[in-house]
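1. based on what follows, work out the 3D shape:
(one chain, ligands or ions: 1)
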Amino acid sequence: MVCREELVSGTLTISPLHKVFYMIKSRSHSMIKMSTTMAARGNVISPTAIPTLEVYARCGIPLASTLLRQLRPDEQETLTTTVVTPRGSIAAEMHPTLEQRYRTTDGAVRHFLRHRAIATVLEVASGMSPRGLAIVRDFPASLIETDIPKDFPNHKSGLCEKVKLIEGIETLGSHHFLGLNAVTMEGFPEVSQLLPHDEPIILTNEGLISYLTKQDRDTYISNLKGIMASRPGSVWITADFSPMIEQFYSDIIQISPGYAVQHAALKASFMEKLGIDLGEINFPGEQEALFFCERHGFKVTKMGGQELGFSPVSGNLLPPDKRKKLLDVIERAITAWVLELRP
Ligand SMILES: C[S@@+](CC[C@H](N)C(=O)[O-])C[C@H]1O[C@@H](n2cnc3c(N)ncnc32)[C@H](O)[C@@H]1O
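-> Numbers count the residues shown, from 1 in each chain. A predicted model of the protein is given here:
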């Protein structure tokens, strides 16, 4: 049996990628499987929102540093794994993928706000993301942020108020904060009061789908379909599917086996900590992920950096000799998926 140290140090000779995943999967299969649904896991996953904000701040995502400075991350509040250090920061290998995921999602949301007359954005599981604040600063849209912790609405709106004062932000749009469990739909009656009837909306989520069990993922997608079906022309924007595609690793492994193994091992360890089976959440290739969305009645259009024109990911923490090639793969692989209901 291959030990974790070999995986993490990258000293293991790995040729075919499936070996890496075989090892990671055997580890996850040996862990205690949680039959609980996402709703029950919510309390475990919520703390990931703060380390994610730390990554955004380090990557220069607008307003992230100011928002982070308003928080006092407490060690007890964050997960202490090899992925999330005791200081609550996510290991360097994950930064470029998270940054790319943020920028591509953000770029696509802005693209649709600009080019279609959609005036409402519902962000599911927004956590500590600064996106909502940046969007109401820049667009006359109604932005509804939702998440599950009971204190989310007050806590996040208080933080955003402080950031607005510090940054001198005058908002063009209206910013709302509500509790919503995206699987059980607890809290939806209040959210629906802020949604237009019969008019299109933009739905978005980031860093949520990979935490869902298969069953909860089906439930979540059916929930979104219900919201979109009664508002024709709505779009669902997410970059969450891209990092769930294992094929991504076969591309990066060609460039840097050490980086690929480390990234995969970190992800596996993170999911293990959360009690999530990697075998259950990943799609082998893009076709399987697209098929999954199509089976649920969606048409998918992919949008990447070039169409969206955002500044490229810096990748400062990547090995300098491999940086450019790794970034090319990351930028190609992690794109925003725009999902529209097929008629
Ligand atoms: C990795 S964080 C991402 C947060 C934010 N989207 C970002 O990009 O910074 C995952 C978020 O999902 C939220 N979450 C987990 N389960 C949820 C559920 N069933 N419904 C709504 N939000 C959920 C957590 O509370 C947490 O804020």
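
2. distance check, the closest residue to the ligand within the stretch 1-150 of the chain against residue 191.
-> Across the stretch 1-150 of the chain, the shortest distance to the ligand (Cβ to the nearest ligand atom) belongs to residue 127, at 2.7 Å. The way it works is simple: take the backbone N, C-alpha and C, and place the C-beta from them, glycine included. Using Cβ to Cβ, to the nearest Å, one gets 16 Å for the distance from residue 127 to residue 191.

3. between these two, tell me which one has more neighbours.
-> With other Cβ atoms under 10 Å as the criterion, residue 127 and residue 191 differ in neighbour count, and residue 127 comes out ahead with 22 against 18.

4. what residues are up against the more buried one?
-> Residues near residue 127 by Cβ atoms under 8 Å, 6 or more residues apart in numbering: 46, 48, 49, 52, 53, 147, 207.

5. my guess is the second one meets residue 206, correct?
-> Right, the one you point to is residue 48. No: Residue 48 sits out of contact with residue 206 when judged by Cβ atoms under 8 Å, with a separation of 11.6 Å.

6. mind listing the strands for the protein?
-> Residue ranges of the strands in the chain, as given by DSSP state E, are 120-124, 142-147, 174-179, 202-205, 235-238, 298-303, 336-341.

7. what helices or strands is the last one leaning on?
-> This points to strand 336-341. For strand 336-341, the elements it packs on are helix 95-115, helix 214-229, strand 235-238, strand 298-303, judged by 3 or more Cβ pairs under 8 Å, 6 or more residues apart in numbering; DSSP states H and E.

8. direction included, what does the last one pair against?
-> What that stands for is strand 298-303. Using DSSP bridges, the strands paired with strand 298-303 are strand 336-341 (antiparallel).

9. is the partner strand up against the ligand anywhere?
-> No: with Cβ under 6 Å from any ligand atom as the threshold, strand 336-341 lies outside contact range of the ligand, at a closest distance of 13.1 Å.

10. below-threshold pLDDT in the stretch 1-150 of the chain: ranges please.
-> Within the stretch 1-150 of the chain, the ranges that satisfy pLDDT under 70 run 1-47, 72-93.

11. and what of the stretch 201-343 of the chain?
-> 306, 310-312, 316-317.

12. what residues does it put near the ligand?
-> Taking Cβ under 6 Å from any ligand atom as the criterion, the contact residues of the stretch 201-343 of the chain with the ligand come out as 206, 207, 208.

13. what does the second one show for phi and psi?
-> The one in question is residue 207. Reported as degrees, to the nearest 10, the phi and psi values for residue 207 are phi 70, psi 30.

14. dump the residue contacts of the nearest residue to it once chain neighbours are set aside.
-> Once flanking residues are discounted, residue 207 sits nearest to residue 52: 6.1 Å by Cβ to Cβ, 6 or more residues apart in numbering. With Cβ under 8 Å, 6+ apart as the criterion, the residues that contact residue 52 are 90, 98, 127, 128, 129, 207.

15. of these, which is the most crowded?
-> Counting by other Cβ under 10 Å, top hit in the contacts of residue 52: residue 129 with 27 neighbours.

16. is it true that that residue touches residue 123?
-> Yes: the pair residue 129 and residue 123 passes the contact test of Cβ under 8 Å, sitting 7.5 Å apart.

17. now do the same contact list for the closest residue to the ligand within the stretch 201-343 of the chain.
-> Distance from the ligand to each residue of the stretch 201-343 of the chain (Cβ to the nearest ligand atom) is smallest for residue 207, at 3.4 Å. Shown here is residue 207, whose contacts under the criterion Cβ under 8 Å, 6+ apart are 48, 52, 98, 101, 125, 127, 240.

18. from residue 61, how far off is residue 107?
-> Distance check for residue 107 against residue 61: by Cβ to Cβ, it reads 12 Å.

19. any idea which residue sits dead centre in this protein?
-> Averaging the C-alpha coordinates of the chain gives a centre point, and the residue nearest to it by Cα atoms, centre = their mean is residue 207 (2.0 Å).

20. tell me how far that one lies from residue 321.
-> With distances taken as Cβ to Cβ, residue 207 is found 30 Å from residue 321.

21. just the contacts of residue 207 now: which is nearest residue 275?
-> residue 48 (13.2 Å; Cβ to Cβ).

22. quick check, residue 298 in contact with residue 341.
-> Yes: Residue 298 is in contact with residue 341 according to Cβ under 8 Å; the separation is 6.4 Å.

23. could you tell me which residues touch both of these two?
-> Counting by Cβ under 8 Å, 6+ apart, the common neighbours of residue 298 and residue 341 are residue 225.
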